[in-house]
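Engineer: just coords:
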């Protein structure tokens with residue numbers, strides 16, 4: 001099963017469960033129905049955003065630990081600078 005199919009399946013099942021609860025096909029306590037259920041999608045969205053930002057930040061912080069990728073990227077930057085200088089573009093000296 002591909003990642004896209006897994007994600008679509010998860011979102012479909014989650015949506016069906018949410019709408020069953022929201023439209024009271026499944027009985028739930030009144031406080032859950034009135035206070036928690038309406039804000040659940042926003043809470044999920046904010047949680048996913050926080051997780052995504054944390055994950056991106058962690059991998060940016062860890063970037064220098066990937067020595068092979070770091071040196072490969074630095075090599076490509078130097079090649080690009082050399083090519084641009086050959087074409088007459090001024091590059092800040094590092």
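Structural biologist: Structure's in. What do you need? Since the model is a prediction, treat every value here as computed from it, not as a measurement. Residues are numbered from 1 along each chain as shown.

Engineer: now the helices for this protein?
Structural biologist: 3-22, 30-31, 40-61, 67-86 (DSSP state H).

Engineer: what distance separates the second one from the centre of its chain?
Structural biologist: Taking CA atoms, centre = their mean, to the nearest Å, one finds helix 30-31 lying 33 Å from the centre of the chain it belongs to.

Engineer: Report the separation between the residue nearest the centre of the chain and residue 7.
Structural biologist: Nearest to the mean C-alpha position of the chain, by CA atoms, centre = their mean, lies residue 52 at 3.8 Å. Applying CB to CB, to the nearest Å, the value for residue 52 to residue 7 is 14 Å. Yep, even glycine has a C-beta here, placed from its N, CA and C like the rest.

Engineer: will you turn the helices of the chain into JSON lines that also has distance to residue 92 and mean pLDDT?
Structural biologist: Formatted as JSON lines, the helices of the chain follow (distance: least, CB to CB, whole Å; pLDDT from 0 to 100):
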{"stretch": "helix 3-22", "distance to residue 92": "41", "mean pLDDT": "95"}
{"stretch": "helix 30-31", "distance to residue 92": "61", "mean pLDDT": "92"}
{"stretch": "helix 40-61", "distance to residue 92": "22", "mean pLDDT": "95"}
{"stretch": "helix 67-86", "distance to residue 92": "9", "mean pLDDT": "91"}
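
Engineer: Might you report the residue contacts of the closest residue to residue 40 other than its chain neighbours?
Structural biologist: Excluding the flanking residues, the one nearest residue 40 by CB to CB, 6 or more residues apart in numbering is residue 18, at 6.9 Å. The neighbourhood of residue 18, defined by CB atoms under 8 Å, 6 or more residues apart in numbering, consists of 37, 40-41.

Engineer: nearest to residue 78, of those residues?
Structural biologist: residue 41 (47.5 Å; CB to CB).

Engineer: Right, I'll leave it there.
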